[in-house]
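In: My questions concern the predicted model and sequence given below.
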Amino acid sequence: MAGAAALSALSLSTPALARSGGADAAPTLFVEAGGRKLAYRSVGKGKPIVLAHRFRGVLDLWDPAFIDALAAQGFRVVTFDHSGMGLSTGERSYNPASLVKDAKDLIDGLGLKDVVIGGWSFGGIVAQIYVAMFGASVSHAVLISTTPPGKLVKPGEQLFYDMAAQGPATLEQYTTMFFEPKDAASRAASQRSFERIFARKTDRSPDVPVEWALTQVPASPPNPMFPSEEVLQALKNTNVPILHLGGDHDLSVPVENWYALGGQLPTVTLITYPRSGHAPHHQQPELAAAQIAAFIKGTRKA
């Protein structure tokens with residue numbers, strides 16, 4: 001939809017996904033900061049993109065095809081576990097301030113400069129706060145299937161919250177939550193993505209305990225989901241180019257809420273995927289990576 005200028009620069013001839021030595025085999029490394037160890041993985045070389053994860057997300061729940069496709073575009077892709085989750089130590093929390101501190105400590109600990117800050121779902125909230133607080137130190141923000149700050153014109157659906165309360169992960173749950181189960185192509189993409197994610201058998205990051213996680217969030221769709229007038233005002237005044245990728249049927253964070261802010265967010269480009277759900281970057285990893293790369297390479301701070 002929006003973002004025609006960036007789309008015109010696309011080249012989709014990316015190398016084969018999940019190649020040997022890529023995200024499916026990347027070793028887990030650690031940064032020590034503030035008395036804790038943050039687990040991270042780094043794939044590729046070039047301009048750094050640091051990605052914050054979704055609710056209950058850990059290192060191994062990124063689709064390695066998406067990470068590899070981004071790396072193939074000439075980026076260093078850094079993913080990580082938040083404090084106390086997965087392979088990271090420290091106090092576990094879904095307090096946004098704590099999550100943003102994790103991202104900042106990791107970036108500082110790795111000595112990364114001119115960073116692209118990104119995030120999926122809950123991680124997209126982290127990325128927005130990061131832009132509001134540390135916008136001078138980032139070149140771009142990439143948001144994937146997340147909510148804008150403030151009152152929503154269309155809240156999420158109860159089905160997503162009901163499915164999120166289940167564990168461990170099943171293909172049916174994954175398809176319903178993150179894809180478009182009414183569409184055969186989306187269902188097929190879900191199965192391929194699910195198989196890629198769970199193909200890694202060693203050095204896996206353990207799941208976030210579902211019982212604890214459910215105590216951290218509402219049991220039904222909140223409105224607003226991200227109640228921060230300060231961050232909304234920051235997005236209205238930032239010079240950081242921001243890209244949002246979303247699906248046209250996202251049970252968790254309907255993309256309509258971004259379009260409702262049309263004209264108010266001067267640096268935000270929206271791309272919406274048809275017949276897609278909460279994980280468009282897992283449904284079409286090569287396309288998502290190419291569009292992200294075109295946006296980063298084709299835009300700059302005003």
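Out: Thanks, I have the structure now.

In: By mean pLDDT, which helix or strand of the protein comes out lowest?
Out: Taking mean pLDDT, DSSP states H and E as the measure, the helices and strands of the chain show their lowest mean at helix 4-7, namely a mean of 34.

In: need the next SSE after that helix, C-terminal direction.
Out: strand 29-33 (DSSP states H and E).

In: by how many degrees do the next helix-or-strand element following that next one and strand 29-33 diverge?
Out: Moving toward the C-terminus from strand 29-33, the next helix or strand (DSSP H and E) is strand 36-43. Orientation check (axes from the mean of the first three to the mean of the last three CA atoms, to 10 degrees): strand 36-43 against strand 29-33 gives 140 degrees.

In: Could you please name the strands strand 36-43 pairs with and the direction of each pair?
Out: Its sheet considered, strand 36-43 pairs with strand 29-33 (antiparallel), strand 75-80 (antiparallel) by DSSP bridges.

In: Which SSE is immediately downstream of the last one?
Out: The helix or strand immediately downstream of strand 75-80 is helix 96-110, counting by DSSP H and E.

In: for the helix or strand following that next one, packing partners?
Out: Next helix or strand after helix 96-110 toward the C-terminus (DSSP H and E): strand 115-120. Counting contacts by 3 or more CB pairs under 8 Å, 6 or more residues apart in numbering; DSSP states H and E, strand 115-120 packs against strand 47-52, helix 122-134, strand 138-144. To be clear about C-beta, it is placed using only N, CA and C from the backbone, and glycine gets the same treatment.

In: Just the CA atoms of stretch 252-261, as CSV, please.
Out: This file holds the C-alpha atoms of stretch 252-261, laid out as CSV (Å, rounded to 0.1, in the frame of the first residue of the first chain):
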residue,chain,number,x,y,z
SER,A,252,-3.8,-9.0,17.9
VAL,A,253,-3.0,-5.6,16.6
PRO,A,254,-5.3,-4.6,13.6
VAL,A,255,-3.4,-2.6,11.1
GLU,A,256,-6.4,-0.2,10.7
ASN,A,257,-5.1,1.6,13.9
TRP,A,258,-2.0,2.8,12.0
TYR,A,259,-4.1,4.0,9.0
ALA,A,260,-6.3,5.9,11.4
LEU,A,261,-3.3,8.1,12.3
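
In: how about it: buried residues?
Out: Neighbour counts over stretch 252-261 (16 or more other CB atoms under 10 Å) mark 252-255, 257-259, 261 as buried.

In: Rounded mean pLDDT for it, please.
Out: Stretch 252-261 carries an average pLDDT of 98.

In: I'd like to know how far residue 32 sits from residue 113.
Out: 20 Å (CB to CB, to the nearest Å).

In: Same question for residue 47.
Out: Separation of residue 47 from residue 113 (CB to CB): 10 Å.

In: Out of the helices and strands packed on strand 115-120, the one nearest residue 292 is which?
Out: For the helices and strands packed on strand 115-120, the distance to residue 292 is smallest for strand 138-144, at 5.5 Å, taking CB to CB.

In: which residues of the stretch 101-250 of the chain fall in helices?
Out: Using DSSP state H, counting those that start in this stretch, the helices of the stretch 101-250 of the chain run over residues 122-134, 158-164, 171-178, 184-197, 210-214, 229-237.

In: count of residues packed around residue 31?
Out: Using other CB atoms under 10 Å, residue 31 has 18 other residues around it.

In: hang on, I meant residue 158
Out: Neighbours of residue 158 (other CB under 10 Å): 12.
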